[in-house]
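Participant: sequence first, then the predicted structure:
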Amino acid sequence: MSEPVLRVEHLQKIFPVKGGLFEKKKVVHAVNDISFSIGAGETLGIVGESGCGKSTLGRTILKIVEPDGGKIIFKGEDITSLSRAKMHPYRKQMQMIFQDPYASLNPRFTVGEMIAEPMENYGMYDKHERMERVQALMETVGLKPDHIRRYPHEFSGGQRQRIGIARTLALDPEFIVCDEPFSALDVSIQAQIINLLEKIQDEKKISYIVVAHDLNAVRHISHNIGVMYLGHLVEIGPADKIYSTPAHPYTQALISSIPKADPNAQGMMNRIILQGEIPSPINAPRGCPFSTRCKHCTEKCREAMPALREVDSRQVACTLYE
Amino acid sequence: MDSLHKELLTVEGLEVEFKTKQGPVHALRGVTFDIKTREILGIVGESGSGKSVTMMSVMNLLAENGTMTGGSIRFEGRELSTVGLGTKAEKRAHEKEMMNIRGKEIAMVFQDPMTYLNPVLTIGTQLTEGFRRHFGYSRAEAKAKAIELLGQVGISNPEKRLKQYPYEFSGGMRQRIIIATALACEPKLLIADEPTTALDVTIQAQILSLFERLVKERGVSAIIITHDLGVVAEICDKIVIMYGGQIVERGTVKEIFNEAKHPYTRGLLDSIGKVEAERTPLRYIPGTPPNLLVRHAGCTFCPRCDKAMKICREYKPAETVFSDGHSCSCWLYCRDRAEELVRAQDEERQETI
């Protein structure tokens, strides 16, 4: 296998939480000892419920927030402790697509200015070439040429997301973190954006990390899926393995919870309904984070977090498979 | 019709208009549907299709700039729409009647539980408000009933929980409380507007099974507004598909999923990624939802429709009935009646000029 585009080793991100005057300082382990790698032109989907740390993981990899431990290796270079200035050339190759197309575009910029801005920042091309590239990019993402002078408020959510994608592609990145790219969009528009992201990937061999809570959408776009729970990666492997035969008890519950748009399926019958809610990450349970809601929980689970191990061509962190 | 399933709510030809700075928005353009007792109806559509406006009209909770300009809403024989109410006195009397219906006979569950719970009142106060107003319960009676309700929706330690404020609860628990509040006065009809959209999937599964159990146990009817076809497929009996302020198709869950007729319904079903799907491009509906500021002469879906014909742009399609309950408004199925429909619409236009 060739060198992966991105390798993450034992990545950690800890946020301090303000305690009371006499209380002990508390911390939240938002990203806890996470390792994986992504090859060229591959998509890794990260799924999990709100508060599991999936967005923080994406942001930590791009060093939007500084990691507190572990290594991020991008194309063989360790970028974990690079300064802001030294990160600058890497930022060009590592981009991000944001969740809310209403909040992530500057309302005072026209579409053309917005797509040209990243290229200006890096002093790429002369003015004339930039304009040509802006037009080419707009065509790639399916915007009309006469949209170039319009402002973001004139566009619908789906088209704004296209503007965001064009802007991201302006620097020819090799790796993009997509943070909930479809969740603000209607179903019929979601499909348009999924197709667009897949088309771009096939043409330019870009690697994606897609962070999402919509399990159906992420299934379609991802080659591999990682499942997170309270800051830990509990299962990671090929998407069809994860969806057809989930191994970790949490993954099993998560996959069975997806409402099936098929009245002939016996969805409700075989559903695993979890008891209780996700514990607060401030007082995360000792040992396996899922132990408080797991029906297979044993003494061993409460003692230490099990390590990821290979089970049926995917990796699972659960004492059931030890 | 058997006695188990009586007509409960009938909405006919409902039209709603909002006055805005840019001109009138025709949010509903003749919406017709009905729900019988012990039925769960799903209303599906994208944002701006008019699904929430329909329900707000039923509850008479339209924003100030919104008016019902035509049609009727009948609930157990009583007229709920404000169409044709002229004088202020008439409107006041109608509002007074609505206050006795809201909460007691028709209750609502909203999308975002944090917005709809008052942050400065305890859960107990908010839970008991309904039955203290409608049934005149004493404080002690109300408290006992509230504890019972919280137990039913699966909140542990209800006595202590009653004294807590909304911020002390998680999203899933708040939604349970909203459901408990809605069921408090034993309504005949429960309207849920995107009840699980703000929740995570595992919590959504909890809430949906709770919802289904309560509806079945108590024999109430429910309308669920959602954009998630998966949710509808699992708990509804009938489905209504809305697009651009109109109902484009209606039918039982099986009819809609197995034999969808309208191109929009088909597009919607195609564009949800199937869990088993391979990585082939998803089928999708091109374009974007319609601008309701513009009066559309023909079908509102035709600019995005791959089967659009000339007639679609100029004249409204009529409803075609396929079986009892399954019908669809599309020119593909009413071409044989084209001549008379066109004539009728031409005459109507002449009159308005």
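Facilitator: Alright, I've got the coordinates.
Participant: quick check, the helix or strand of chain A with the lowest mean pLDDT touching chain B?
Facilitator: Using mean pLDDT, DSSP states H and E, the weakest-scoring helix or strand in chain A turns out to be helix A:215-221, at a mean of 86. Yes. Residues of helix A:215-221 contacting chain B under Cβ under 8 Å from any Cβ of the partner chain: A:215-217, A:219-221. C-beta here means a position set from N, CA and C on the backbone, and glycine is covered the same way.
Participant: same question, stretch A:158-175
Facilitator: Yes. Using Cβ under 8 Å from any Cβ, stretch A:158-175 comes into contact with chain B via A:158-159.
Participant: quick one: that stretch to chain centroid distance?
Facilitator: Stretch A:158-175 has its average C-alpha position 16 Å from the chain's average C-alpha position, going by Cα atoms, centre = their mean, to the nearest Å.
Participant: count the neighbours of the closest residue to chain B within chain A for me.
Facilitator: Residue of chain A nearest chain B, by Cβ to the nearest Cβ: A:Pro259 (3.0 Å). Applying other Cβ atoms under 10 Å in any protein chain shown, we find 25 other residues in the vicinity of A:Pro259.
Participant: how much space between it and A:Ile14?
Facilitator: Separation of A:Pro259 from A:Ile14 (Cβ to Cβ, to the nearest Å): 35 Å.
Participant: what number of residues lie near residue 292?
Facilitator: In the absence of a named chain, chain A is used. Per other Cβ under 10 Å, the neighbour tally for A:Thr292 reads 18.
Participant: chain B, not that one
Facilitator: 22.
Participant: any idea of the pLDDT on the residue of chain A closest to chain B?
Facilitator: A:Pro259 is assigned a predicted lDDT (pLDDT) of 81.
Participant: can you tell me the closest non-neighbouring residue to it?
Facilitator: Nearest non-adjacent residue to A:Pro259, counting by Cβ to Cβ, 6 or more residues apart in numbering or on different chains: B:Gly230, 3.0 Å away.
Participant: what about the helix or strand harbouring the one you found, distance to the chain center?
Facilitator: Using DSSP states H and E, B:Gly230 sits in helix B:229-235. Offset of helix B:229-235 from its chain centre (Cα atoms, centre = their mean): 14 Å.
Participant: what mean pLDDT does it have?
Facilitator: Across helix B:229-235, pLDDT averages out at 86.
Participant: wait, does whichever helix or strand comes after it contact chain A?
Facilitator: Next in sequence after helix B:229-235, counting helices and strands by DSSP H and E, comes strand B:238-243. No. Counting by Cβ under 8 Å from any Cβ, chain A is not contacted by strand B:238-243; separation bottoms out at 9.6 Å.
Participant: residues contacting strand B:238-243, please?
Facilitator: B:31, B:33, B:35, B:39-46, B:49-51, B:54, B:232, B:247-253, B:256, B:262, B:264-265, B:268, B:289, B:300-301, B:325 (Cβ atoms under 8 Å, 6 or more residues apart in numbering or on different chains).
Participant: could I have the buried ones of the residues you listed as ChimeraX selection syntax?
Facilitator: The buried residues among the contacts of strand B:238-243 can be selected in ChimeraX (16 or more other Cβ atoms under 10 Å in any protein chain shown) with this line:
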select /B:31,33,35,39,40,41,42,43,44,45,46,49,50,51,54,232,247,248,249,250,251,252,253,256,262,264,265,268,289,300,301
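Participant: filter the contacts of strand B:238-243 down to the ones in strands?
Facilitator: Using DSSP state E, the subset of the contacts of strand B:238-243 located in strands is B:31, B:33, B:35, B:40-44, B:247-252.
Participant: right, and out of the residues you listed, which lies closest to B:Thr125?
Facilitator: Closest approach between the ones in strands among the contacts of strand B:238-243 and B:Thr125, by Cβ to Cβ: B:Ile40, at 30.3 Å.
Participant: wait, what's in contact with B:Cys330?
Facilitator: B:248-249, B:261-263, B:299, B:317, B:320.
Participant: likewise for A:Pro67?
Facilitator: Here A:Pro67 is in contact with A:11-13, A:31, A:60, A:80 (Cβ under 8 Å, 6+ apart).
Participant: sort out for me which of those are in helices.
Facilitator: When the contacts of A:Pro67 are checked against helices (DSSP state H), the matches are A:Thr60.
Participant: cool, thanks, signing off.
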